[in-house]
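> Below is the structure, and that's it, no one-letter string:
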């Protein structure tokens with residue numbers, strides 16, 4: 001059989017333009033749902049790492065203050081700043097936090113410090129240890145992404161509790177059940193944002 005010069009043999013392994021466009025459309029739909037989740041997960045991991053760095057810094061500051069006999073019943077959160085390596089002291093910014101209300105307004109009563117990793121800490125300087133028992137505590141908030149997002153109960157900061165004996169934990173794991181039994185900003189009794197885990 002003689003083949004015509006106009007006859008074009010089709011490749012049984014090739015794809016038509018329609019098949020390629022359908023495949024690209026499916027990949028686009030998958031990417032639309034997957035990429036934001038991957039980026040969000042990466043941001044959450046970065047925020048958790050920054051927050052844990054700050055907790056480690058406070059743990060070291062407590063140990064240093066203890067060596068210098070600077071821990072007593074009147075110690076307030078900002079008394080640890082001489083033992084912390086931070087960039088700036090701020091009394092005018094507003095950061096996100098999840099328990100006090102809709103925002104953490106930095107002031108002389110609630111001073112903030114900014115760290116090299118970009119996180120900001122706000123202190124409750126109205127609070128003191130108030131005693132030397134293992135249940136006496138002070139607290140501070142860590143916002144890994146400083147700035148105020150303008151939303152109520154933002155999922156961006158973690159409250160930490162430092163006990164007189166140096167034990168430090170997030171509010172969700174405090175020693176006092178009464179401290180965590182009330183409704184938290186992330187559900188009943190839940191005071192840690194979903195991105196933060198120990």
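Cool, got the structure. Since the model is a prediction, treat every value here as computed from it, not as a measurement.
> For the closest residue to residue 88 other than its chain neighbours, give its distance to residue 50.
For residue 88, ignoring the flanking residues on the chain, the nearest one in space by CB to CB, 6 or more residues apart in numbering is residue 114 at 4.7 Å. Glycine gets a C-beta too; all of them are placed from N, C-alpha and C. Going from residue 114 to residue 50 by CB to CB, to the nearest Å gives 12 Å.
> returning to what we had before: burial count for the residue nearest to residue 88?
By other CB atoms under 10 Å, the residues close to residue 114 number 19.
> Ok, residue 96 next?
Applying other CB under 10 Å, we find 25 residues neighbouring residue 96.
> That one touches residue 105, doesn't it?
No - contact criterion CB atoms under 8 Å: residue 96 and residue 105 do not qualify, at 11.2 Å.
> looking only at pLDDT, what's the mean for whichever helix or strand residue 18 is part of?
Element membership for residue 18 (DSSP states H and E) is helix 17-67. For helix 17-67, mean pLDDT rounds to 90.
> which other helices and strands contact that helix?
The contact analysis (3 or more CB pairs under 8 Å, 6 or more residues apart in numbering; DSSP states H and E) places helix 17-67 against strand 137-143, strand 158-163, strand 168-170.
> pLDDT below threshold where in the protein?
Under the criterion pLDDT under 70, the flagged ranges of the chain are 1-13, 97-103, 148-155, 176-190.
> and the residue lying closest to residue 79 once chain neighbours are set aside, how many neighbours?
Spatial nearest neighbour of residue 79, excluding adjacent residues (CB to CB, 6+ apart): residue 70 at 6.8 Å. A count of neighbours around residue 70, defined by other CB under 10 Å, yields 15.
> if I look at residue 70, how far off is residue 172?
Using CB to CB, residue 70 is found at 28 Å from residue 172.
> got it, and residue 86?
Plainly put, residue 86 is 25 Å away from residue 172 if you go by CB to CB.
> Those two - which one has more neighbours?
Applying other CB under 10 Å to residue 86 and residue 172 shows that residue 172 carries more neighbours, namely 20 against 16.
> And for residue 18, the neighbour number?
Residue 18: 8 surrounding residues under other CB under 10 Å.
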